[in-house]
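**Student:** Just to be clear, the model below is a prediction. Sequence and coordinates:
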Amino acid sequence: MQSTPRLLILENASVYAPEPLGLCSVVIAGGRILAIAPASDAGCLTASSDSAFGLPTGLPIERFDCGGQRLTPGFIDAHAHITGGGGEDGASTKVPPPWFSDFTTAGVTSVVGLLGTDDVTRTTAELLAGVRALKEMGLSAWCWTGGYHLPPTTLTGTIRGDIVHLDAVIGAGEIAISDHRSSQLTLEDMLRIAGDCHVGGMLSRKAGVMHLHLGDGSRGLELIRAALDSAEIPARVFQPTHVNRRRALLDEAFALAERGCHIDITAFPVADDEDAYSAEVALQRYLAAGLPPANISVSSDGGGCLPEFDEHGKMTSMSVGRSHSLHQMLARAVALGVPFEFALSAITSNVAEHLRLAGKGRIRPGFAADLLLLDEAGEVDCVIADGEWLVKGKEALRLGVFEPEPSR
């Protein structure tokens, strides 16, 4: 979506880039961050400052006083069912796609979509269309090819072909292991897919990551350990997700992070008596373990079904993931004593760098103007994507084409 070219100057913002920069003004134009100036130097950003940045003089200038609120990079949700998830108890349990504002009001400016259990009635073509729709509306979006099962659902016929030929595809996922719903992968299957991801990524300058769904099965992360022990594929290719769903599984994941894997935890609700860790507690434990700070991320499973099964594999209940769990996790992590910038990195810079999303995940000159303001309670107050306001004062300024107007 095009708008009139202008300079946007965000003043009096407490900037976390994600590292804390203090009180600053941030200059934006053409969808990019042009400059960051300490608040004490804000006077240099005058009405004629456009020429100082190599822009035509006379551009309209919009100044916005952030009132000292925290300004952060936009969140990157690398595990979202943008076409809907579910279906484990028949067609009536297929989850509808999230609304556009479900992402924006949650502070998400970049999304990686994927298929899950239902990679039969949901397809790669549909997923790619979902990516295009989000981009047309103003977000940045990519996707994983495949789904839970083998042979993988693809568009070109192979995982490697999809990564190389389809711009939006950055890897394969969510391929299920240690789950009764999976194709019960063997080590040979794992190595073949990981090899295709790695080489496909090399040929296309993409991440080439194998994004792995972890179920509750007793084998846990055994297949990934075996792959690392028996092949030359770099550890960074293997990215297990949902690793906080069982406490013992998180310990296994920590050992993999130490070996160079990037692990992804899920911001789903966890009951006090449940054998699982909430995302914020998992981050707290990761930090205390002294593991590589860049090797962990958090995603929402937004739009996905969060089912419960009995011993026979019958679904007994379900809820639905939401991207709003990311900013809620951030606030709860800080309440537990996790440094704000560490928790923020897990949903911004760590994701961008692992998935090679150029110009994303940081507040830095030359990077995308994907930004959000958080109020004192940690709620999302304003969202800017590609230099354009999408949310202001907690109000969604742009809705999906068929999205109903919110009730007043």
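**Tutor:** Done, it's in.
**Student:** Which residue is the nearest non-sequential neighbour of residue 295?
**Tutor:** Excluding its sequence neighbours, the residue lying closest to residue 295 (CB to CB, 6 or more residues apart in numbering) is residue 257, at 4.4 Å. Quick note: C-beta positions are derived from backbone N, CA and C, even for glycine.
**Student:** Pull up the gap between the one you found and residue 211, please.
**Tutor:** 15 Å (CB to CB, to the nearest Å).
**Student:** Dump the C-alpha coordinates for the helix or strand bottoming out on mean pLDDT in the chain into PDB.
**Tutor:** When each helix and strand of the chain is scored by mean pLDDT, DSSP states H and E, strand 305-309 comes last, with a mean of 79. Provided in PDB are the C-alpha atoms of strand 305-309 (Å, rounded to 0.1, in the frame of the first residue of the first chain):
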ATOM      1  CA  CYS A 305      -5.100 -25.600  17.400                       C
ATOM      2  CA  LEU A 306      -3.900 -26.400  20.900                       C
ATOM      3  CA  PRO A 307      -5.500 -29.800  21.400                       C
ATOM      4  CA  GLU A 308      -5.600 -32.300  24.200                       C
ATOM      5  CA  PHE A 309      -5.700 -36.000  23.500                       C
END
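**Student:** Among residue 257 and residue 211, which residue is more densely surrounded?
**Tutor:** Taking neighbours as other CB atoms under 10 Å, residue 257 and residue 211 compare with residue 211 leading, 27 against 20.
**Student:** ok, the nearest residue to the more buried one once chain neighbours are set aside - contacts?
**Tutor:** Nearest non-adjacent residue to residue 211, counting by CB to CB, 6+ apart: residue 173, 2.8 Å away. Contact partners of residue 173, counting by CB atoms under 8 Å, 6 or more residues apart in numbering, are 79, 114, 144-146, 209-213, 239, 241.
**Student:** Relative to residue 222, which of those is nearest.
**Tutor:** When the contacts of residue 173 are ranked by distance to residue 222 (CB to CB), residue 212 comes first, at 12.0 Å.
**Student:** name the element the closest one belongs to?
**Tutor:** Element membership for residue 212, per DSSP states H and E: strand 209-214.
**Student:** Mind checking the pLDDT average for the following helix or strand past that strand?
**Tutor:** As assigned by DSSP H and E, the chain's next helix or strand after strand 209-214 is helix 222-230. Across helix 222-230, the average pLDDT comes to 98.
**Student:** Give the buried residues for helix 222-230.
**Tutor:** 223-225, 227-228 (16 or more other CB atoms under 10 Å).
**Student:** counting contacts, what elements does that helix pack onto?
**Tutor:** Contact here means 3 or more CB pairs under 8 Å, 6 or more residues apart in numbering; DSSP states H and E; on that basis helix 222-230 packs against helix 187-204, strand 238-241, helix 247-258.
**Student:** For it, give me every contacting residue.
**Tutor:** Under CB under 8 Å, 6+ apart, the answer for helix 222-230 is 177-178, 185, 187, 190-191, 194, 212, 233, 235, 238, 240, 256, 259, 261.
**Student:** angle of it against helix 187-204?
**Tutor:** Calculated by axes from the mean of the first three to the mean of the last three CA atoms, to 10 degrees, helix 222-230 forms an angle of 70 degrees with helix 187-204.
**Student:** right, and the helices and strands packed on helix 222-230 - which one's nearest residue 218?
**Tutor:** Closest among those, using CB to CB: helix 247-258, at 9.5 Å.
**Student:** Residue 139 touches residue 106, doesn't it?
**Tutor:** No. Residue 139 is not in contact with residue 106 according to CB atoms under 8 Å; the separation is 11.3 Å.
**Student:** how deep is the residue lying closest to residue 171 once chain neighbours are set aside tucked in, by neighbour count?
**Tutor:** Residue nearest to residue 171 in three dimensions, not counting chain neighbours: residue 209, with 3.8 Å by CB to CB, 6+ apart. Counted with other CB under 10 Å, the neighbours of residue 209 add up to 27.
**Student:** who are the neighbours in contact with residue 209?
**Tutor:** Contacts of residue 209 by CB under 8 Å, 6+ apart are 170-173, 197, 201, 236-237, 239, 262, 354-355.
**Student:** Now do it against residue 241, distance only.
**Tutor:** 11 Å.
**Student:** before we move on, what about residue 364?
**Tutor:** 27 Å.
**Student:** Between those two, which has more neighbouring residues?
**Tutor:** residue 241 (25 against 13).
**Student:** Show me what that one bridges to in the sheet.
**Tutor:** residue 213, residue 264 (DSSP bridges).
**Student:** how about the helices in this protein?
**Tutor:** Listed in chain order, the helices found in the chain under DSSP state H are 100-104, 124-137, 159-165, 187-204, 222-230, 247-258, 279-288, 325-335, 340-345, 349-354.
**Student:** Which one of the ones you listed lies nearest to residue 300?
**Tutor:** helix 325-335 (4.9 Å).
**Student:** now the closest one and helix 279-288, what's the angle there?
**Tutor:** 50 degrees.
**Student:** Turn the buried residues of helix 222-230 into a markdown table, including distance to residue 289.
**Tutor:** Formatted as a markdown table, the buried residues of helix 222-230 follow (distance: CB to CB, whole Å):
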| residue | distance to residue 289 |
| --- | --- |
| 223 | 23 |
| 224 | 18 |
| 225 | 18 |
| 227 | 23 |
| 228 | 19 |
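**Student:** wait, doesn't residue 180 sit right on residue 219?
**Tutor:** No. Counting by CB under 8 Å, residue 180 does not reach residue 219; the two are 11.5 Å apart.
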